[in-house]
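>>> The sequence and its predicted three-dimensional model are supplied below.
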Amino acid sequence: MGGSVAGRLFSVLDAFEGGGAFEGGGASGSGGASGSGGASGDGGPVTLRLTDIAARTGLPAPTALRMVRELVAWGGLERGADGTYRLGLRLRALGAAAPCPRGLLDAALPALRALGARTGGHADVAVLQGPAAGGALCLVSGERLPAHATAYGKVLLAAPQAEFPGLTAPPRELPRHTRHTVVVPGVLARQLDRIRAAGLAVCAEEHRLGEVTVAAPLRGPAGPVAALGVTVPTGVPLDRVAAAVREAATRVRPPEPSPSP
């Protein structure tokens, strides 16, 4: 825990590390499906209560409250109607300004908006964030999704260059998010083979009940570099959604990587 005011502020933000922090924003038709409050199963919280923040940072509750209020006033945190907190839009804007994903996000935004409007779901583009962590980072929402339990992540893991320790780990090392989550590495590996061949992934309620994710790869010169997809409620006709995702992916040309100095 930092001794300075800045250090305490940063420790509050660090409490949200790995969580699905940005809900409801981005390229959505009717708002799409979003995470629920509380702790998510992918290693971090979607939302935190003040007591959670104090516990994670080691700050006394009054100090944590002062830091949280400062961050809410600045826009780094948002307070929900239920009294919980999540990372705010100002941090999302700063993250979007980072040079690495920004070019990809700019290239994908027109297709994402069209996909969200066509399907009524939340459209996003994701990159693999740290193969060892098995996380798929969504560039629109800012949420980090479990790679083995979402269509975005499975598309990325199916790429030939992807490395994922979970594929050779005991099943207990793949966290189960719902009763539908595939946690047996051998079964997951066979799924990835089929996704690689089909160029499309569909995950029904593997991460959250009531949600289906559909994603396709965005291909650069060296192969898939990202996954473009949409989250829709369970029960939506998936043939129509899959066709829309495939079409949207073909409309995006990922930017060329910058040459090494």
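Thanks, I have it. Numbering: from 1, shown residues only.
>>> Can you list the low-confidence ranges for the stretch 151-261 of the chain?
161-172, 256-261 (pLDDT under 70).
>>> Can you show me the strands along it?
Assigned by DSSP state E, counting those that start in this stretch, the strands in the stretch 151-261 of the chain fall at 201-204, 211-220, 223-233.
>>> Does residue 213 touch residue 180 like I think?
No: under the criterion of C-beta atoms under 8 Å, residue 213 makes no contact with residue 180, lying 11.9 Å away. Every residue, glycine included, has its C-beta placed from N, CA and C.
>>> which of these two has more neighbours?
Per other C-beta atoms under 10 Å, whichever of residue 213 and residue 180 has more neighbours is residue 213, with 33 against 14.
>>> Nearest residue to that one in space, please, no chain neighbours.
Leaving aside its chain neighbours, residue 213 sits nearest to residue 151 (3.9 Å; criterion: C-beta to C-beta, 6 or more residues apart in numbering).
>>> Nearest to residue 74, out of the strands of the stretch 151-261 of the chain?
strand 223-233 (29.3 Å; C-beta to C-beta).
>>> And that closest one, what's buried?
Neighbour counts over strand 223-233 (16 or more other C-beta atoms under 10 Å) mark 224, 225, 226, 227, 228, 229, 230, 231, 232 as buried.
>>> Can you name the two of those that sit furthest apart?
Maximum distance among the buried residues of strand 223-233 (C-beta to C-beta): 24.0 Å, for 225 and 232.
>>> what's the angle between the longest helix seen in the chain and strand 211-220?
With secondary structure taken from DSSP state H, the chain has its longest helix at helix 99-119. Computed by axes from the mean of the first three to the mean of the last three C-alpha atoms, to 10 degrees, the angle separating helix 99-119 from strand 211-220 equals 130 degrees.
>>> all helices in this structure, in order from the N-terminus.
5-14, 50-57, 61-74, 89-96, 99-119, 151-158, 185-198, 238-250.
>>> what does the average pLDDT come to for the longest one?
Okay, so that is helix 99-119. On average, the pLDDT along helix 99-119 is 83.
>>> Alpha carbons only: can I get it in CSV?
Provided in CSV are the C-alpha atoms of helix 99-119 (Å, rounded to 0.1, in the frame of the first residue of the first chain):
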residue,chain,number,x,y,z
PRO,A,99,-1.5,3.2,-29.0
CYS,A,100,-1.5,-0.6,-29.3
PRO,A,101,-5.3,-1.4,-29.3
ARG,A,102,-6.4,2.0,-30.5
GLY,A,103,-5.7,1.4,-34.2
LEU,A,104,-7.5,-1.9,-34.0
LEU,A,105,-10.5,-0.5,-32.2
ASP,A,106,-10.7,2.4,-34.7
ALA,A,107,-10.7,0.0,-37.6
ALA,A,108,-13.4,-2.2,-36.0
LEU,A,109,-15.8,0.5,-34.7
PRO,A,110,-17.9,0.9,-37.9
ALA,A,111,-18.4,-2.9,-38.1
LEU,A,112,-19.1,-3.2,-34.4
ARG,A,113,-21.8,-0.5,-34.5
ALA,A,114,-23.5,-2.2,-37.5
LEU,A,115,-23.3,-5.6,-35.7
GLY,A,116,-24.8,-4.2,-32.5
ALA,A,117,-27.6,-2.6,-34.5
ARG,A,118,-28.3,-5.7,-36.5
THR,A,119,-28.3,-8.2,-33.6
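>>> Give the other helices and strands that that helix contacts.
Here helix 99-119 touches strand 27-28, strand 122-129, strand 223-233, helix 238-250, going by 3 or more C-beta pairs under 8 Å, 6 or more residues apart in numbering; DSSP states H and E.
>>> I'd like those laid out as TSV, including distance to residue 157.
Shown next, in TSV, are the helices and strands packed on helix 99-119 (distance: least, C-beta to C-beta, whole Å):
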stretch	distance to residue 157
strand 27-28	23
strand 122-129	7
strand 223-233	10
helix 238-250	17
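>>> Residue 56 is nearest to which of these?
Across the helices and strands packed on helix 99-119, closest to residue 56 is strand 122-129 (C-beta to C-beta), at 20.4 Å.
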